[in-house]
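> take this sequence and fold it.
(one chain, ligands or ions: 2)
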Amino acid sequence: MLITFKQAASKLKAANKILITAHILPDGDAIGSTLATMQMLRALGKSAQVFIDDDVRKNLHVLPHFEEIRRPVDGEKFDADLLLILDTSPDRIGNVAKMTDAPILNIDHHVTNKNDAGDLYVEPDAAATCEIIFKLAGELNVKITPEIATCLYTGLATDTGFFQFSNTRAETFKTASELVNCGVKPNIISEQMERRSAAEVLSMRTALNSLKIFYGGKVAGMFLDLPTMQNCDSTEGFIDLIRVIDGVDVAFMISERSEKVCRVSMRSKGVDVSKVANELGGGGHIRAAGCTLYTTLDDAEKILVAAIGKAL
Ligand code: 5GP
Ligand code: MN
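Ligands and ions are numbered 1, 2, ... in the order given. Next up is the predicted model:
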């Protein structure tokens, strides 16, 4: 059921033992928003714990309290009176879904949120879930410590491509400005987020070598096969290498994660790629979306290029 911002805040106030989670393949917004909320709820005297059912990109391990994030082990249960799901609909939280039967509070900024379980507060205009959590701190009267601010700024910065993407709005800068006042060091966060291993940069070269152009230059794609992916901790930002090509509206990258499991990332300047992703079982935002295709790399290319062609 859709609820208002104030109702979402009330649900958090009423809860005492909160299990917090976010999507698998977690990004800066997923980790930043969960860690910030965990600290905020603890500051209110509640018990709060973050579980994420996936590996997390190394760059994000520097965030305050990162070491407290847990991954559920087989069949593990957690005693909670609220399951707080951030930055995704409840279908992308892996085995955390099985840890508790507590009521769900879902806070998200994805326009494709399926609204299929529990109470949902969704704000599609928010640049990041961290932008919503910042407002929530105000509503809950929680003081934003430098540690909380660092987590929130990281989510805000990474989801907006460091304030470059179309989701960046006046409120995003205002929030960022207030977070800097709370003790954030933007240059340090930028440096930490842009760090890459040599293996990752070499994988970037492989990705660029695979570049293909479709539909007379409107679409550009890159392909990473399984052996390349096995040497690569993260492909975060690879797609930005080709998003910038003159005349390209939709950029995509397909990476093979295991046999017949291909991850798709899309970025666009005009086309609504959230619709393309949705059609293929995924989701996201108008200008940044993704999905998983359970087939070979070659087949995934055919399916995706056809679906993008229809949307052009
Ligand atoms: P990325 O390309 O960075 O992995 O994802 C771009 C955006 O699309 C992110 O906001 C991400 O949460 C969303 N997204 C990516 N893959 C999926 C998916 O399989 N399902 C849904 N619902 N959203 C996705
Ligand atoms: Mn997000």
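> quick check: closest non-adjacent residue to I245.
Leaving out its chain neighbours, the residue that sits closest to I245 by C-beta to C-beta, 6 or more residues apart in numbering is A220, at 5.4 Å. Just so you know, the C-beta spots here come from the backbone N, C-alpha and C atoms, and that holds for glycine as well.
> quick one, phi/psi of the one you found?
phi -130, psi 140 (degrees, to the nearest 10).
> near it, how many other residues are there?
Neighbour count of A220, defined by other C-beta atoms under 10 Å: 24.
> then S177?
11.
> in the host helix or strand of it, which residues are buried?
Element membership for S177 (DSSP states H and E) is helix 170-181. Across helix 170-181, burial judged by 16 or more other C-beta atoms under 10 Å covers 172, 175-176, 178-179.
> wait, what's in contact with the closest residue in space to E236 that isn't next to it in sequence?
In space, and not counting its chain neighbours, E236 is closest to R57: 6.1 Å by C-beta to C-beta, 6+ apart. Neighbour list for R57: 26-27, 233-234, 236 [criterion: C-beta atoms under 8 Å, 6 or more residues apart in numbering].
> N16 now?
Contacts of N16 by C-beta under 8 Å, 6+ apart are 46-47, 81.
> repeat the analysis, applying 10 Å as the threshold.
41, 44-48, 80-82 (C-beta atoms under 10 Å, 6 or more residues apart in numbering).
> helices - which of these land there?
Taking DSSP state H, the ones among these that sit in helices are L41.
> how many residues are close by the residue in the chain that ligand 2 sits nearest to?
Residue nearest to ligand 2 within the chain: D29 (3.3 Å; C-beta to the ion). Neighbour count for D29, taken as other C-beta under 10 Å: 28.
> how far does the host helix or strand of it sit from the chain's center?
According to DSSP H and E, D29 maps onto helix 28-43. Its chain's average C-alpha position is 14 Å from that of helix 28-43, according to C-alpha atoms, centre = their mean, to the nearest Å.
> got the buried residues for it?
28-41, 43.
> stretch 96-105 now?
By neighbour count on 16+ other C-beta under 10 Å, the buried set for stretch 96-105 is 96-97, 99-100, 102, 104-105.
> columns distance to ligand 2 and pLDDT on top of these, output as CSV?
Formatted as CSV, these follow (distance: C-beta to the ion, whole Å; pLDDT from 0 to 100):
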residue, distance to ligand 2, pLDDT
V96, 17, 98
A97, 19, 97
M99, 22, 98
T100, 23, 98
A102, 23, 98
I104, 18, 98
L105, 17, 98
